[in-house]
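Chemist: The following comprises the amino acid sequence and a computationally predicted model.
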Amino acid sequence: MLAATAVGMLAVCSAKAQTSDLIIDIDTGYTGFVSVTPGIPGGVSGTVGINSEDVYISAFQATYAGGAPLPYPTSNPFNTFCVDILPELVNWNNNIPNGWTPEPFSSASPSPNSAGQTIPYVAGGLQTAASLYNAYIGNVGALNSGVFTGGGLINGTFYSGTQWSAALQLAIWQVLYGTSFSDSGVDATVTSLESQILASPYNFPNPNITGTFWDASNPVANQDLIGPELETGFVPEPGIYGAFAGAGLMVVFLGSQVRRKMA
């Protein structure tokens with residue numbers, strides 16, 4: 001499992017969200033084992049658990065490749081995170097874009113794996129994940145030569161953009177899956193940063209939070225994403241930003257195919 005993203009709108013909008021084609025790239029510097037066990041008191045309930053899957057732990061860098069223009073004013077590329085613990089991220093890093101549709105949190109539901117199984121999110125988990133995302137995404141930076149740039153302070157200590165990328169992904173999974181979620185074999189610096197993120201004042205289900213749930217359109221299974229702030233559920237009409245999308249967005253394709261499981 002790959003570890004698993006705006007505000008004002010112009011007057012002319014479409015109430016029906018449309019699919020944007022995205023290329024996904026990640027940093028592979030941090031790995032670990034993650035588990036979700038349904039039925040633990042205080043955690044989630046569900047039909048299936050995962051037991052110590054070896055995964056990459058990272059933010060995703062999503063680059064526009066076609067389809068509906070990115071919802072204004074989403075940047076290109078933008079950083080996003082996995083919110084589904086079961087499905088694999090398909091067509092990662094192999095020159096083949098996949099489609100995601102921006103939706104409001106109110107209509108969000110987990111993507112199934114290839115067996116049709118899901119693990120639901122904790123109540124308020126998406127709002128909490130969005131609160132953490134909005135607070136700390138600026139520390140992740142851009143993905144250059146396979147490593148996230150940037151970085152930032154928390155409690156007086158500086159962590160690199162790659163460390164923020166991994167720790168924020170773990171924190172997002174934790175608030176989405178509650179006490180059912182656990183990880184092991186993760187770099188101690190990353191887990192320390194994760195703990196500080198979870199202890200921050202941003203770790204709460206803000207009912208007024210803004211953000212985007214990117215619903216994977218792959219008919220078999222793919223990971224849903226959580227991304228930048230915007231007026232969710234609305235995207236520009238085709239053509240409103242078509243010239244902008246066509247003329248100004250460059251897509252970088254990287255070779256090879258890697259699925260979410262490392263082993």
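Modeler: Thanks, I have the structure now.
Chemist: Stretch 48-58 - what's its average pLDDT?
Modeler: The average pLDDT within stretch 48-58 is 90.
Chemist: Need the residues that contact it.
Modeler: Defining contact as C-beta atoms under 8 Å, 6 or more residues apart in numbering, one finds that stretch 48-58 is touched by 1-3, 26-38, 85-86, 115, 117, 119, 148, 162, 165-166, 169-170, 180, 184, 186, 190, 260-263. Using the backbone N, CA and C atoms, a C-beta is placed for each residue, glycine as well.
Chemist: The stretch 101-250 of the chain: strands as residue ranges?
Modeler: For the stretch 101-250 of the chain, the strands defined by DSSP state E, counting those that start in this stretch cover 143-144, 147-148, 151-154, 157-160, 181-184, 212-216, 225-227.
Chemist: got the buried residues for the fifth one?
Modeler: I take that to be strand 181-184. Neighbour counts over strand 181-184 (16 or more other C-beta atoms under 10 Å) mark 181, 183 as buried.
Chemist: sorry, back to before: show me which of the contacts of stretch 48-58 are buried.
Modeler: The buried subset of those (16+ other C-beta under 10 Å) comprises 1-3, 26-38, 85-86, 117, 119, 148, 162, 165-166, 169-170, 180, 186, 190, 260.
Chemist: which ones among those are found in helices?
Modeler: Counting by DSSP state H, those place 162, 165-166, 169-170, 190 in helices.
Chemist: Widest-spaced pair of those?
Modeler: 162 and 170 (13.1 Å; C-beta to C-beta).
Chemist: that older thread, including mean pLDDT, could the strands of the stretch 101-250 of the chain go into TSV?
Modeler: Formatted as TSV, these follow (pLDDT from 0 to 100):
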stretch	mean pLDDT
strand 143-144	94
strand 147-148	96
strand 151-154	98
strand 157-160	98
strand 181-184	95
strand 212-216	94
strand 225-227	95
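Chemist: ranking those strands by burial, who's on top?
Modeler: Each of the strands of the stretch 101-250 of the chain was scored by mean neighbour count; the highest is strand 225-227, a mean of 26, by mean count of other C-beta atoms under 10 Å.
Chemist: Check which helices and strands that one is in contact with.
Modeler: strand 60-67, strand 78-82, helix 125-136, strand 212-216 (3 or more C-beta pairs under 8 Å, 6 or more residues apart in numbering; DSSP states H and E).
Chemist: switch the cut-off to 7 Å
Modeler: The contact analysis (3 or more C-beta pairs under 7 Å, 6 or more residues apart in numbering; DSSP states H and E) places strand 225-227 against strand 78-82, helix 125-136, strand 212-216.
Chemist: would you turn these into CSV with distance to residue 104?
Modeler: Output for the helices and strands packed on strand 225-227, formatted as CSV (distance: least, C-beta to C-beta, whole Å):
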stretch, distance to residue 104
strand 78-82, 16
helix 125-136, 10
strand 212-216, 7
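Chemist: among the ones you listed, which is nearest residue 44?
Modeler: Using C-beta to C-beta, these put helix 125-136 closest to residue 44, at 8.6 Å.
Chemist: any idea of the angle that closest one forms with strand 78-82?
Modeler: Angle of helix 125-136 versus strand 78-82, following axes from the mean of the first three to the mean of the last three C-alpha atoms, to 10 degrees, is 140 degrees.
Chemist: just checking, what packs against helix 125-136?
Modeler: So helix 125-136, by 3+ C-beta pairs under 7 Å, 6+ apart, packs with helix 161-177, strand 225-227.
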